[in-house]
Structure formats: structure tokens, C-alpha cells
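>>> next come a sequence and a model predicted from it.
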Amino acid sequence: MDCRHIQFRDCKFSVDLNQLQHLFKITAFWAKSRNLEDLSTAVMNSDPVITVWDKEQLIGFARATSDGVYRGTIWDVVIHPDYQGLGLGRKLVETLIAHPKMNRVERIYLMTTYQQEFYRRIGFETNESTTMVLHSSDHGVLITPQSLVDQSIPESLESLV
Ligand SMILES: CC(C)(COP(=O)(O)OP(=O)(O)OC[C@H]1O[C@@H](n2cnc3c(N)ncnc32)[C@H](O)[C@@H]1OP(=O)(O)O)[C@@H](O)C(=O)NCCC(=O)NCCS
């Protein structure tokens, strides 16, 4: 396939959420059941967000969250099945990490279940030593707004409040 007309866009405000939801449904096992409202929140809270277009069809997506200097994390990298194996996934990740919000970040992390080889070819290494996870069902129990309110202030600090 001639990919010269394929466009990469760096604008989260131009993401068509209906097309994104469909792309995830057919491509991303971890994101098949995401609703539009939550997708919108995830997109708006990410920077950069890179999309790939064949004319008006969304055929690729990737996003990152980053502090711009020390740490960044890549999320939700997908290329439409009809367009896989053409070098677009590599270009998508390279575009994401070349973005000004990412290009001076000391360490860029990502989580992947099956695509280690794809990322290895781009330069990522396996990193087994640093990964832990807290699921929302667990942290809801650990830290609730009420438990924060309930914390009493030590007497020694009361005069400072
Ligand atoms: C993973 C994915 C984004 C790769 O996109 P793609 O456009 O097919 O990949 P590319 O054509 O750019 O491949 C880049 C390189 O990785 C290699 N590669 C791609 N997928 C691979 C795989 N599953 N196993 C081994 N190598 C792979 C290619 O052969 C190519 O190697 P080369 O540059 O040495 O020729 C795409 O297959 C996809 O969307 N998969 C489903 C969603 C998914 O799993 N996303 C990753 C979530 S962490």
C-alpha cells in the first residue's frame, strides 16, 4: 500500500471520539469497552496525543502523559488492522517520542502484554525491576476523601494552621 497520503496529526482537539471508540473496539483488547465520556477525559488529560489519518478515517492513535523532563509514559498505541505491517506503528511511536513534551524526558515507560518485539525494534528495553500497580478498586479503600478529612492535626501543629 502506498502510504504517502497518510497524515499524522498532533492535536487532541481534533480526535473524533466515535472513530476512536471503534478503532479500540477492533484493535485494542484492553480498551474494547471504553465509553465516550471516559475516552474524552483520557484524551484531554494526555499530552501529546498523536492520531493517524487516511483522509477522514482514523487509522492510528497513541497518547502519552509526561512531566516534560523526568518521566513520561506511553499509552494506547494502535494501528488499524488493515494498515498494520507498513511501518506506521513505528512512525507513530517515533512521532510521539519526538514531540517537545517528550523529547527531553529522561525515562519513557510503557506497558505491553504482547508487543515487546515491536517496541524493542524502536529501542525500548525490558525493565522488570521497577513495575508495580495499584488498581482503582484497591486505592478506593486505602484513600477516601473522608479518611483524609478525618485525619486529626497533631497538637504541635495546630497553632500553625
Ligand atoms: C503493535 C502495532 C501498533 C504495530 O504497528 P505496525 O504498524 O503494525 O508496526 P510497524 O509496521 O511500524 O512495525 C515496526 C517494526 O516492528 C516489527 N513488528 C511489528 N509488530 C511486531 C510483532 N508483533 N512482533 C514482532 N515484530 C513486530 C515490524 O516487523 C517492524 O520491524 P522493522 O522496522 O525491523 O521492519 C500494531 O500491530 C497494533 O496496533 N496492534 C494491536 C494493538 C496493540 O497491541 N498495540 C500495542 C499495545 S502496547
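Nice, I can see it. Numbering: from 1, shown residues only.
>>> mind checking how far the residue nearest the centre of the chain is from the ligand?
The C-alpha lying nearest the average C-alpha coordinate of the chain belongs to residue 75 (CA atoms, centre = their mean; 2.4 Å). Distance from residue 75 to the ligand, counting by CB to the nearest ligand atom, to the nearest Å: 8 Å. In short, each C-beta sits where N, CA and C put it, glycine included.
>>> secondary structure class for the one residue in the chain that gets nearest to the ligand?
At 2.1 Å from the ligand, residue 89 is the closest residue in the chain, using CB to the nearest ligand atom. At residue 89, secondary structure determined by DSSP: H, G, I helix; E, B strand; the rest coil is helix.
>>> what sits against it?
Residue 89 is in contact with 60, 77, 79, 118, counting by CB atoms under 8 Å, 6 or more residues apart in numbering.
>>> which parts of this protein are helices?
Using DSSP state H, the helices of the chain run over residues 17-27, 36-44, 88-98, 116-122, 136-142, 145-150, 155-158.
>>> can I get those helices in a markdown table with mean pLDDT and distance to residue 106?
Converted to a markdown table, those look like this (pLDDT from 0 to 100; distance: least, CB to CB, whole Å):
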| stretch | mean pLDDT | distance to residue 106 |
| --- | --- | --- |
| helix 17-27 | 98 | 30 |
| helix 36-44 | 98 | 24 |
| helix 88-98 | 98 | 12 |
| helix 116-122 | 97 | 17 |
| helix 136-142 | 68 | 26 |
| helix 145-150 | 58 | 31 |
| helix 155-158 | 56 | 35 |
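>>> can you tell me which of the ones you listed is packed in deepest?
Ranked by mean neighbour count under mean count of other CB atoms under 10 Å, those are led by helix 88-98, which reaches a mean of 19.
>>> please save the CA atoms from that one in CSV.
What follows is helix 88-98, C-alpha atoms only, in CSV (Å, rounded to 0.1, in the frame of the first residue of the first chain):
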residue,chain,number,x,y,z
LEU,A,88,3.0,3.3,10.5
GLY,A,89,3.2,2.0,14.1
ARG,A,90,6.9,2.7,14.3
LYS,A,91,6.4,6.2,12.8
LEU,A,92,3.5,6.8,15.3
VAL,A,93,5.7,5.9,18.3
GLU,A,94,8.7,7.9,16.9
THR,A,95,6.4,10.9,16.4
LEU,A,96,5.2,10.7,19.9
ILE,A,97,8.6,10.5,21.5
ALA,A,98,10.0,13.3,19.2
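>>> centre of the chain to it, how far?
How far helix 88-98 lies from its chain's middle: 13 Å, per CA atoms, centre = their mean, to the nearest Å.
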